[in-house]
Structure formats: C-alpha cells, structure tokens
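J.: Starting from these lines, generate the structure:
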Amino acid sequence: MREAMMQAPVGDDVYGEDPTVNRLEAMAAEMLGKEAGLFVPSGTMANQVAILAHTERGDEVFIHRDSHAYYYEGGAAAMWSGITWNLLDGIEGTPSPEVLRQAIRPQNIHHPHPKLLSLENTHNRAGGAAIDLQRLDPVISQARSEGLSVHLDGARLFNAAVALGVTADQLADSFDSVSVCLSKGLGAPVGSLLLGTHPFIDRARIFRKWLGGGMRQAGILAAAAIYALTHHIDRLADDHARANHLARSLREMGFAVSQPSNPTNMVMVDLPIAADQAISQLKADQVLVGAMGPQRLRLVTHLDVDDDNIETALYGFGRLAQTLYA
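T.: Okay, here's the model as predicted:
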C-alpha cells in the first residue's frame, strides 16, 4: 500500500485534476452500482455532506436513535444542515416499515417537511450487525411511498456484504446515496467515499468545499484506498472469524458477550464493573479496547489484528476474568 502511495500520479483534486482520485471515485462508483463518487477525508464528513445534499434547512430526517450520524457525529447536522432529527426504534438499529410510517406526520404548517431516511450497515451500536436485504427492502419501500430519499451510512458496507454472502452493490442498490469508509477493516490510512447520481455528487462536491474537505494532491491517499479496495475486501472474512473465536472464548471464561444475528468484526462484552476500570486493567496487559457504555466494552478485529493478537487479548481477558469471576 505504501509503495502504491509513493508511485501515485497526482494533481489538484479541488480542480478535478488528480488522476488517482478520479480513478478511485470511478472505481468505487462502479463497485457500488452508482453513477459517480466523491472522495472525502472522513466518514463523518461523508454522512454530513450527504445530509446537506439531500435536504434544505428545517427538513426532517428519520434515523434510528443509535445510528452513527446522530449518535457519534457531534451534532454536526444541526450545525451544518439545520435539519431536525426524528429518532426511530428498531431491532439491531433498523426501524420497521410500520415504525417509519407512524413517525411521518401529516404535512401542514405545524410539522417539518419529511425528506430523508438514513440507515446504517453494518450497524455499529448494534454490535456490528450486518443488515440483510430482507430487512432493508421493506423499510426502503415504505420510505419511497412516503416520498423520502434514502441514504446509507455504509462505513463498513463491505463487512456486511462479506458476512451476508452478497455483493456490496446489491446492498447499495436501493439507496439514493451511500457512504463507505476506506480505513477501518479495509486498512487505508485516511478517507471515505460518497456515491450517488451525477447531479447529487455535483451538489455534494460544493458542500465538501464548504466543510473544508477539498484536498489538493490527494492521490497519495486515493492510491491507498484503491489498494484497499483491490486487495482487502475478501480478507474481511478473516476478521469475522477472529471475532467469532474471540466471542466464543470470552463466553467460556464467563463473560457476558453479545453479538447480532449476522455478526461481523465486533464483539460486545457486558461487565459487572465500570468499563473504564476494565479498560485500565486490560491496557496493563497490552490489550486496547473501547467503551460502548458505562459497563460495556467494544472489541473490533481488523487488518492489524492477527491470530497472535487474539491470543494476547484472550490472555488479558483471562486475567480480568480471574478478578471478576473467581
């Protein structure tokens, strides 16, 4: 990947003159079955640019209350888009058609204009759940019947595709726009993509500029992303296998482990102690994990976690289990 970055031909992407960025955007659009793509620095920017491009100020955006664009993006939509959120419930981060139908109010001067449904796949706070088409299609159809556009936060879309045994373009087909993260499991150092129609991406490019996401010789980053999309998708299955091994082993130690119906590369561990306390003890054993709640840990496997690292993690958790369950 670093060799590809070093050799990448570059230009000025703000002027559309970086050949490697242009190649990446066209390549990703073809992979996802969309007309055009836009390279941005981060997944948060991809989602926020998408919301800006889909909406006008005051519009209503429907989203599951645990979705990343609402839960983890710092209230950015309120700052930049001026939209109002309508928070939905649903199993594994995905609302049902009925939940969406009931959330949409009659159109009159007392209510905001309903404009966009945002879904997430895989769903982070649902434990990395891969959401299959049997659950996606009905709520998307309901959104269409209500006149809504539909955006997919597909930060880990390729994880979902690999886990479900389908292609990424099949999962993305019914969406007006899709964001995909190029780091995380795919292993590129920087960047995300936003995909959609040519007019949508032309509009999104304006908002990328607004948010400071226009980069100059960005081909060195795009080259890493091209390498990742070429070499690192199929190997996501290895991350899933390691996560499943981790989950089984932690259950055998006595930990309360939760995984979704279609698991990918995440394992959630619920503890009888504060998450911060467990994180400190695990860090002393060279195991780095994140908190997903006051007493919940999130463990994520990815390109830089190999079998030896899994064994190191299990050793650290074994020592933690001795203090908790002995």
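
J.: CA only for contacts and neighbour counts going forward, please
T.: OK.

J.: In the stretch 201-326 of the chain, where is pLDDT below threshold?
T.: For the stretch 201-326 of the chain, applying pLDDT under 70 flags no range at all.

J.: just the helices in it please.
T.: 219-231, 236-253, 275-284, 307-325 (DSSP state H, counting those that start in this stretch).

J.: out of these, deepest packed?
T.: Mean neighbour count (mean count of other C-alpha atoms under 10 Å) peaks for helix 219-231 among those, with a mean of 23.

J.: Any idea which of the helices of the stretch 201-326 of the chain gets closest to Y70?
T.: For the helices of the stretch 201-326 of the chain, proximity to Y70 was assessed by C-alpha to C-alpha; helix 275-284 is nearest, at 22.9 Å.

J.: show me what contacts Q286?
T.: By C-alpha atoms under 8 Å, 6 or more residues apart in numbering, the residues touching Q286 are T312, A313, G316.

J.: Kindly report the same for G187.
T.: Counting by C-alpha under 8 Å, 6+ apart, G187 has contacts A228, H232, H302, L303, D304.

J.: Among these, name the buried ones.
T.: A228, H232, H302, L303 (16 or more other C-alpha atoms under 10 Å).

J.: Turn the residues you listed into TSV, including distance to P41.
T.: Listed next are the buried ones among the contacts of G187 as TSV, based on distance: C-alpha to C-alpha, whole Å:
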residue	distance to P41
A228	16
H232	19
H302	20
L303	20
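
J.: What is the burial count for the nearest residue to H68 once chain neighbours are set aside?
T.: Using C-alpha to C-alpha, 6 or more residues apart in numbering and skipping the chain neighbours, the partner closest in space to H68 is N124 (7.2 Å). Neighbour count for N124, taken as other C-alpha atoms under 10 Å: 20.

J.: Surely N124 is in contact with S67?
T.: Yes: between N124 and S67 there is a contact at 7.5 Å, judged by C-alpha atoms under 8 Å.

J.: coming back round to it: greatest separation within the buried ones among the contacts of G187: which pair is it?
T.: Once C-alpha to C-alpha is applied, the buried ones among the contacts of G187 give A228 and H302 as the farthest pair, at 12.6 Å.

J.: between these two, what contacts are shared?
T.: L186, G187.

J.: Quick one: mean pLDDT over stretch 167-175.
T.: For stretch 167-175, mean pLDDT rounds to 98.

J.: residue nearest the centroid of this structure?
T.: Note on the chain: the residue nearest the mean C-alpha position is A155, at 2.5 Å, using C-alpha atoms, centre = their mean.

J.: so who does that residue touch?
T.: G43, E120, N121, T122, S179, V180, C181, L182, S192.

J.: mind running it again at 6 Å?
T.: V180, C181 (C-alpha atoms under 6 Å, 6 or more residues apart in numbering).

J.: per-residue confidence for K184?
T.: Confidence score, pLDDT, at K184: 88.

J.: what's the closest non-adjacent residue to it?
T.: Nearest non-adjacent residue to K184 (C-alpha to C-alpha, 6+ apart): H302, at 6.8 Å.

J.: how close does that neighbour get to G43?
T.: 17 Å (C-alpha to C-alpha, to the nearest Å).

J.: try V180
T.: On the measure of C-alpha to C-alpha, V180 and G43 end up 7 Å apart.
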